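*Asks:* can't give you the sequence, but here's the structure:
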Ligand SMILES: NC(=O)c1ccc[n+]([C@@H]2O[C@H](COP(=O)([O-])OP(=O)(O)OC[C@H]3O[C@@H](n4cnc5c(N)ncnc54)[C@H](O)[C@@H]3O)[C@@H](O)[C@H]2O)c1
C-alpha cells in the first residue's frame, strides 16, 4: 500500500483522505488549524457511514499539525490548501526540501496552472495536478494535469493509483486554464447566460432544457460519442449553421457582473439567476446530494 499525505483537512482534503483510507492506504492528514484537524476523523467517519462502508480504514489515519510529520515517508502528497498561488508556492518549496526524489507532489488546485505553482522550484519534475471534483468521495472524476515541467514518467503511476482506489482518472496533457471539465462546463454556462440575457428564455427554462433534454443522456454518453452516434455529417451540418450564432464573449457577461454587483449571489442570498425561498434552496440541495450519494453507492455495489 502506498503512503499518502494530504495537506489541508478542509472540504476537499478530508474527502480525499477518505478515498485512500477506504482502499486501505495509510493516510497522514495535516492542517495548521487545530479545530479543523480535530474534527477530521468524525467528518471522515460520516463519509464511511453515508456510503454504508465499514470504517475500519480509519485506523490508517494519522493527524498532524505540521507538514514534516506527514510527508517524510509519503509516496504521494496531495496538497488541498486554500486556492492562493503564493501559499501553494511556499508549500511546494517546503515539500521539495522535506521529501525524497521519489515522492510525487500533487496539487488539488481547481484553477491555478501547475507550472505557476512549480515555477520557482528547481525540482519540478515530480510536481503534478490531481484535480478531484467536489465532493471527492462522491464524484468519480480526477483530472491529472501534466505541467510543462512535470516528468511524463510520473503521470501513469498517478493515474494507476487513482484508478486503483476507484476514481476515474484522466490525463490532461497540457496545463490549460480550466483543465478539461471546467472548460466544457463554462462553455455551457456562457451560452446559458447569453440565452437569458438575450431574452430567449428565463433561467429556469435554460436549466430545464438541460436537465430534461440532453442532460438525461450526458451521464452515459458524452458529446463526442453522441456525435458518433448520430453521424458526424449531421454534426457538421449543424455546426455550419449554428456556430456563428453562439455566444463568443471573451469576458464575464453583463448579466452576471450586474447580478454580482447587486448582491444577487444565488441560493444563500435568496436570488441569483432565479429567486429562491429557503425551502426551495434546501430542497435543491437535498435533491443534489441524494442523487450523488445514490450514484456513489450504486458504483460501490458494482
Ligand atoms: N471546494 C471545491 O469545490 C473544490 C473543488 C476542486 C478543487 N478545490 C481546490 O481544493 C483546494 C482546497 O479547497 P477546499 O474547498 O477544501 O478549501 P477549505 O478552505 O475547505 O480547506 C482548506 C484547508 O487548508 C488548510 N490550510 C491553510 N493553510 C494551510 C497550509 N499552509 N498547509 C496545509 N493546509 C492549510 C485550512 O486550515 C483549511 O482547513 C483549493 O485549491 C481548491 O481550489 C476545491
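*Replies:* Everything's here; your move. The model shown is predicted, which means the values in this text are computed figures rather than measured ones.

*Asks:* quick one: residues contacting residue 104.
*Replies:* 75-77, 126, 128, 154, 157-158 (C-beta atoms under 8 Å, 6 or more residues apart in numbering). C-beta here means a position set from N, CA and C on the backbone, and glycine is covered the same way.

*Asks:* what does residue 251 give?
*Replies:* Contacts of residue 251 (C-beta under 8 Å, 6+ apart): none.

*Asks:* so residue 101 touches residue 122, yeah?
*Replies:* No: if you go by C-beta atoms under 8 Å, residue 101 and residue 122 don't touch, sitting 11.9 Å apart.

*Asks:* so what's the residue in the stretch 1-150 of the chain positioned nearest to the ligand closest to, chain neighbours aside?
*Replies:* Per C-beta to the nearest ligand atom, residue 10 is where the stretch 1-150 of the chain lies closest to the ligand, at 1.9 Å. Distances taken as C-beta to C-beta, 6 or more residues apart in numbering place residue 36 nearest to residue 10, at 6.3 Å, with adjacent residues excluded.

*Asks:* helix, strand or coil for the one you found?
*Replies:* helix (DSSP: H, G, I helix; E, B strand; the rest coil).

*Asks:* before we move on, back to that, of the contacts of residue 104, grab the buried ones for PyMOL.
*Replies:* Here is the PyMOL command that selects the buried residues among the contacts of residue 104 (16 or more other C-beta atoms under 10 Å):
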select buried, resi 75+76+77+126+128+154+158
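
*Asks:* most widely separated two among the contacts of residue 104?
*Replies:* Farthest-apart pair in the contacts of residue 104 is 77 and 157; separation 14.0 Å (C-beta to C-beta).

*Asks:* ok, the residue most central in space within the chain to residue 142 distance?
*Replies:* A centroid search over the chain (C-alpha atoms, centre = their mean) returns residue 133, at 2.2 Å, as the residue closest to the centre. Separation of residue 133 from residue 142 (C-beta to C-beta, to the nearest Å): 7 Å.

*Asks:* ok, now residue 91?
*Replies:* 20 Å.

*Asks:* so which of those two has more stuff around it?
*Replies:* Using other C-beta atoms under 10 Å as the criterion, residue 91 and residue 142 rank with residue 142 on top: 25 against 20.

*Asks:* and the one helix or strand that one maps to, what's buried?
*Replies:* Applying DSSP states H and E as the criterion places residue 142 in strand 141-145. Within strand 141-145, the residues scored as buried using 16+ other C-beta under 10 Å are 142-145.

*Asks:* about what we covered before: show me the contacts for the residue nearest to the centre of the chain.
*Replies:* Contacts of residue 133 by C-beta under 8 Å, 6+ apart are 139, 141-142, 181.

*Asks:* now tabulate those in JSON lines and tack on distance to the ligand and pLDDT.
*Replies:* JSON lines is the format used below for the contacts of residue 133 (distance: C-beta to the nearest ligand atom, whole Å; pLDDT from 0 to 100):
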{"residue": "139", "distance to the ligand": "9", "pLDDT": "97"}
{"residue": "141", "distance to the ligand": "10", "pLDDT": "98"}
{"residue": "142", "distance to the ligand": "10", "pLDDT": "98"}
{"residue": "181", "distance to the ligand": "10", "pLDDT": "97"}
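
*Asks:* from the ligand, how far off is residue 246?
*Replies:* 27 Å (C-beta to the nearest ligand atom, to the nearest Å).

*Asks:* burial measure for that residue, as a count.
*Replies:* With other C-beta under 10 Å as criterion, residue 246 counts 11.

*Asks:* ok, now the one 4 residues further on?
*Replies:* Neighbouring residues of residue 250 were enumerated by other C-beta under 10 Å; the total is 5.

*Asks:* pull the contacting residues for residue 195.
*Replies:* By C-beta under 8 Å, 6+ apart, the contact list for residue 195 reads 201, 206.

*Asks:* look at residue 259 and give its secondary structure.
*Replies:* helix.

*Asks:* residues touching the residue nearest to it when sequence neighbours are not counted, list them.
*Replies:* Closest residue to residue 259 apart from its sequence neighbours, by C-beta to C-beta, 6+ apart: residue 272 at 6.6 Å. Listed by C-beta under 8 Å, 6+ apart, the contact partners of residue 272 are 259, 264-266.
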